[in-house]
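K.L.:
Got a sequence here, can you build the structure:
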Amino acid sequence: MSVSKDPNEPMRTESAFISWNKNSREDMPLADYQTIQRASAGRDRFKDVETNISVRDGFSRTDYEYFRPGESVPKKEQGAIASCMEAYKKVGLIKNVIDLMSDFGCQGIKLVHPNPTIQKFFRGWFKKVQGKHTSERFLNMLYRAGNVVVKRSTMKLNMKTQKDFQTMGGPMGPDMEILEELKFAKKVVPGAYNFLSPLSIEVMGGQLAQFAGSPSYGIKLPSDIKRKILHPANETEKQLITKLPADIIAAAKEGKQVVPLDSEKLRVFHYKKDDWQTWSYPMIYAILDDVILLEKMKLADLAALDGAISQVRLWRLGSLEHEIFPTDAAVSKLADILMSNPGGGAFDLIWGPELDFKESGTNVHQFLGSQKYDPVWNSIYAGLGVPPTLTGAATASGFTNNYISLKTLVQRLEYGRDILRDFWEKEIELVQKSMGFRLPAQIQFDRMVLSDETSEKSLLIQLADRGVISYETLQERFGEIPGIEKLRNRRENKAREKGSMVPQASPWHNPEKDHDLGKIALQRGIVTPSEVGLDLNERKEGESTPQDDMREASNRRFPTKQENTGEPQQGRPNNSKDCQPRERRTVKPRTSASAGLYDFVSTNSWAKSAQAKISDIVTPAMLAHFDKKNLRSLSAKETEILESFKFSILCSLEPFSEVDETSVLDLAKSGNSTVPIDCIKVYNKLIGQFALTRGTNPSVDDLRDMQASAYSMTKNRGN
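P.N.:
Numbering: from 1, shown residues only. Now for the predicted structure:
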């Protein structure tokens, strides 16, 4: 039974359940069932093509878009441009890739000129017109919308402005006035660039202008702008209207919808446009289907996320099996009880056996996964030219496909640079002709290298050194302009000849040849210090040079002949005869030149072999004396001492004598191993002749050869 809850109402009772007779269906309530009508999408259906065979036409993209116009891809050019620009705003992946391409494409852009003064002027002008920012916006609009519309503003220069440009001055001063209405004239250069939206530009004449080959453009005048021009609402709008160009104000007053633009100040560029097209389709147009699918998948995830944790609970009143059917009063009573539950804690419900309860969950969370996005992301990446290896995709494999994708990305960047270079070359030509310069400036970018840049440049330098490629090609591959570098090298060489620039120094260019030759000659005793411009202080008492010590040691071993100290006429008297027979003289045959040459060659050969044996014996002892591990650890002074000591041992040996450890150690311990003065003179002459002929210092091997030659010459002369 159900009782009224309002205390002001009279007490009444209502039946909660009713029953019916199985044999009579008159009191049984009937559910209100409706049939579902079949929907038709305007598609054809061919019936009875053959006996009991009917044919239904295929399902195409047009059928899908018929009921979903918001998901359709625009077919016309203006619609495609608008959709691509909207995708750039909404899809972060597309925005990041296009921003990266535009930043990478204009990286390192600068102007170069062979004349330094003119180069400073061009770079100052480039900074004034915000060349780097303009280049980045140019490439961004090219990759984003596929069409770039640039409107140029000119400015009049004076002497102060030119000096500001040459000194890389700051922002524009009051003497630098933007002149919109000036045509090309002397001292009038581009001063600013304004990018117009392709959606607001209309081709005058449409496709007819394309066939004529001379399209002209006009800007669409919005109705609200026209209304404000004709009926300004306040003083602020009146002041702004006075700053508008006269042609726009005149067009608004005449009721024109399109204002023609000056073709001399307007430049339009397209991304891979066919000749029969009015506007180019953007690069993003090819992946609009994938972008729409991606957006729809995100909406599906949002809808599924709302019901990811929802549960359905079913409360059943009555029982058809026991002929118990609830009334409206019972349903309302149960609804009031369930709605009165504040939530939290246990919920007690007292009811009869005719109440049944069931609970069911949902598996919609299985739909919320990232796997379904992978094919869509890969299609978008492929359409933008980004290889799978750069995206971190787990399924990315295959060097060939990645290489082709990478080359596609690089070629798109190069294509954008070519169009940007075409834009700036025309503007630079205007500046050149306006200022009267003989040569225009050149545009230079940083070279894009996506591989191992160091290895590539090293290989190019080696190819140029071997004559496989020219230095002009090497300069081009490094991003430099050969013509300008040739003029710069010529100017620097003239400056070095005049002495206003330091000499060039490198492993292949010795800037101090005279200094090195004087140093060698001074070290070998060929010249005096004053001859090389060296002023020396007085030598302190007790000091001596290594050459003085060597000369003194030689004098001790080979003393000079004593001078005759006798008085004149105290010797043998004139015309006196011998008192006893003289000793018979042995006549030796005179040796020929060939025999003397043979003696020198044989002695020199023995001296070289003796040097090797002496080195094997002396070097370990000297390394232990200097506390060094190997010869590379010796200093220059220690190396010189070691070579001098081995030379003295060689000079103390007789030609063709036995060279062993005993004889060498005996000479070393005795301290009598010195170099004869004659050998020193010959040795120094050989070194000086080598330095004058070769123009460089002799190596250690050359010095050893000269030591062997000096030893052989002095020993043969003595014999």
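
K.L.:
quick one, domains of this structure?
P.N.:
Using automatic domain parsing, the domain parsing of the chain gives 453-498, 512-529+592-719.

K.L.:
Which one, of those domains, ends up nearest to residue 418?
P.N.:
domain 453-498 (15.0 Å; CB to CB). Glycine gets a C-beta too; all of them are placed from N, C-alpha and C.

K.L.:
Do me a favour and average the pLDDT over that closest one.
P.N.:
Confidence over domain 453-498 (mean pLDDT, whole number) is 82.

K.L.:
quick one: pLDDT of the residue located most distally from the centre of the chain?
P.N.:
Most distant residue from the mean C-alpha position of the chain: residue 579, 104.2 Å away (CA atoms, centre = their mean). As predicted, residue 579 sits at a pLDDT of 76.

K.L.:
three-state assignment of it?
P.N.:
coil (DSSP: H, G, I helix; E, B strand; the rest coil).

K.L.:
Distance-wise, check it relative to residue 238.
P.N.:
As judged by CB to CB, to the nearest Å, residue 579 and residue 238 stand 147 Å apart.

K.L.:
Kindly report the same for residue 231.
P.N.:
11 Å.

K.L.:
ok, the closest residue to residue 702 other than its chain neighbours - contacts?
P.N.:
Nearest residue to residue 702, sequence neighbours excluded (CB to CB, 6 or more residues apart in numbering): residue 690, at 6.6 Å. Residues in contact with residue 690 (CB atoms under 8 Å, 6 or more residues apart in numbering) are 698, 702, 706.

K.L.:
Of these, just say which sits nearest to residue 714.
P.N.:
Out of these, the member with the shortest distance to residue 714 (by CB to CB) is residue 706, at 12.4 Å.

K.L.:
Hmm, that closest one is touching residue 686, no?
P.N.:
Yes: look at residue 706 against residue 686 with CB atoms under 8 Å: they come within range, at 4.3 Å.

K.L.:
quick revisit: residue 231 and residue 238: which has the busier surroundings?
P.N.:
residue 238 (11 against 8; other CB atoms under 10 Å).

K.L.:
Tell me which helix or strand that one sits in.
P.N.:
helix 235-242 (DSSP states H and E).

K.L.:
Run through the stretch 551-700 of the chain and note the low-pLDDT ranges.
P.N.:
For the stretch 551-700 of the chain, the stretches flagged by pLDDT under 70 are 551-571, 584-598, 671-672.

K.L.:
ugh, typo on my part, it should be the stretch 151-300 of the chain
P.N.:
Confidence mapping of the stretch 151-300 of the chain against pLDDT under 70 gives the ranges 158-186, 206-207, 209-213.

K.L.:
Tell me where it has strands.
P.N.:
Counting by DSSP state E, counting those that start in this stretch, the stretch 151-300 of the chain has strands at residues 177-179, 188-196, 201-204, 216-220, 258-260, 266-270.

K.L.:
Just among the contacts of residue 690, which is most surrounded?
P.N.:
residue 706 (20 neighbours).

K.L.:
Send me the helix or strand that residue 135 is a member of as PDB with only the CA atoms.
P.N.:
If you go by DSSP H and E, residue 135 is part of helix 131-145. The C-alpha trace of helix 131-145 is given here as PDB (Å, rounded to 0.1, in the frame of the first residue of the first chain):
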ATOM      1  CA  GLY A 131      65.100  40.500 -42.300                       C
ATOM      2  CA  LYS A 132      65.400  37.400 -40.100                       C
ATOM      3  CA  HIS A 133      61.900  37.800 -38.700                       C
ATOM      4  CA  THR A 134      60.500  38.500 -42.200                       C
ATOM      5  CA  SER A 135      62.300  35.400 -43.600                       C
ATOM      6  CA  GLU A 136      60.900  33.200 -40.800                       C
ATOM      7  CA  ARG A 137      57.300  34.500 -41.400                       C
ATOM      8  CA  PHE A 138      57.700  34.100 -45.100                       C
ATOM      9  CA  LEU A 139      58.600  30.400 -44.900                       C
ATOM     10  CA  ASN A 140      56.000  29.800 -42.200                       C
ATOM     11  CA  MET A 141      53.200  31.200 -44.400                       C
ATOM     12  CA  LEU A 142      54.600  29.300 -47.400                       C
ATOM     13  CA  TYR A 143      54.500  25.900 -45.600                       C
ATOM     14  CA  ARG A 144      51.300  26.700 -43.700                       C
ATOM     15  CA  ALA A 145      49.000  28.300 -46.300                       C
END
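
K.L.:
by contact count, what packs against that helix?
P.N.:
The contact analysis (3 or more CB pairs under 8 Å, 6 or more residues apart in numbering; DSSP states H and E) places helix 131-145 against helix 77-90, helix 92-105, strand 147-156, strand 188-196, helix 399-435.

K.L.:
If you compare the directions of it and helix 399-435, what angle comes out?
P.N.:
Taking axes from the mean of the first three to the mean of the last three CA atoms, to 10 degrees, one finds helix 131-145 and helix 399-435 inclined to each other by 130 degrees.

K.L.:
how far away is residue 374 from residue 409?
P.N.:
Residue 374 is 20 Å from residue 409, where distance means CB to CB.

K.L.:
between these two, which one's more packed in?
P.N.:
Between residue 374 and residue 409, counted using other CB under 10 Å, residue 409 has the larger neighbour count: 20 against 12.

K.L.:
so who does the more buried one touch?
P.N.:
Applying CB under 8 Å, 6+ apart, the residues contacting residue 409 are 101, 385, 386, 387.

K.L.:
Same question for residue 474.
P.N.:
Residue 474 neighbours (CB under 8 Å, 6+ apart): 460, 461, 463, 464.

K.L.:
and if we set it to 7 Å?
P.N.:
Applying CB atoms under 7 Å, 6 or more residues apart in numbering to residue 474 gives the contacts 460, 464.

K.L.:
Measure how buried the nearest residue to residue 225 once chain neighbours are set aside is and give me the count.
P.N.:
The shortest distance from residue 225 to any non-neighbouring residue, by CB to CB, 6+ apart, is to residue 252 (7.4 Å). Residues lying near residue 252 (other CB under 10 Å) number 19.

K.L.:
Distance check, residue 252 against residue 224.
P.N.:
Counting by CB to CB - residue 252 and residue 224 are separated by 11 Å.

K.L.:
next one: residue 424
P.N.:
Taking CB to CB, one finds residue 424 at 36 Å from residue 224.

K.L.:
Comparing these two, which residue is more hemmed in?
P.N.:
Set residue 424 next to residue 224 and count neighbours by other CB under 10 Å: residue 424 wins out with 19 against 8.

K.L.:
That one and residue 443 touch, don't they?
P.N.:
Yes: Residue 424 lies in contact with residue 443 (CB atoms under 7 Å); the separation is 5.4 Å.

K.L.:
Now do the helices in the stretch 201-350 of the chain.
P.N.:
Assigned by DSSP state H, counting those that start in this stretch, the stretch 201-350 of the chain shows helices spanning 207-212, 223-230, 235-242, 246-254, 288-306, 328-339.

K.L.:
How about the third one, which residues are buried there?
P.N.:
Think helix 235-242. For helix 235-242, a neighbour-count test (16 or more other CB atoms under 10 Å) marks residue 241 as buried.

K.L.:
who's in contact with it?
P.N.:
228, 229, 232, 249.

K.L.:
Format the strands of the stretch 151-300 of the chain as a markdown table; extra columns: distance to residue 134 and mean neighbour count.
P.N.:
Formatted as a markdown table, the strands of the stretch 151-300 of the chain follow (distance: least, CB to CB, whole Å; neighbours: other CB atoms under 10 Å):
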| stretch | distance to residue 134 | mean neighbour count |
| --- | --- | --- |
| strand 177-179 | 15 | 13 |
| strand 188-196 | 5 | 18 |
| strand 201-204 | 18 | 17 |
| strand 216-220 | 20 | 17 |
| strand 258-260 | 24 | 16 |
| strand 266-270 | 12 | 18 |
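
K.L.:
nearest to residue 96, of the ones you listed?
P.N.:
Comparing the strands of the stretch 151-300 of the chain by CB to CB, strand 188-196 comes nearest, at 20.8 Å.
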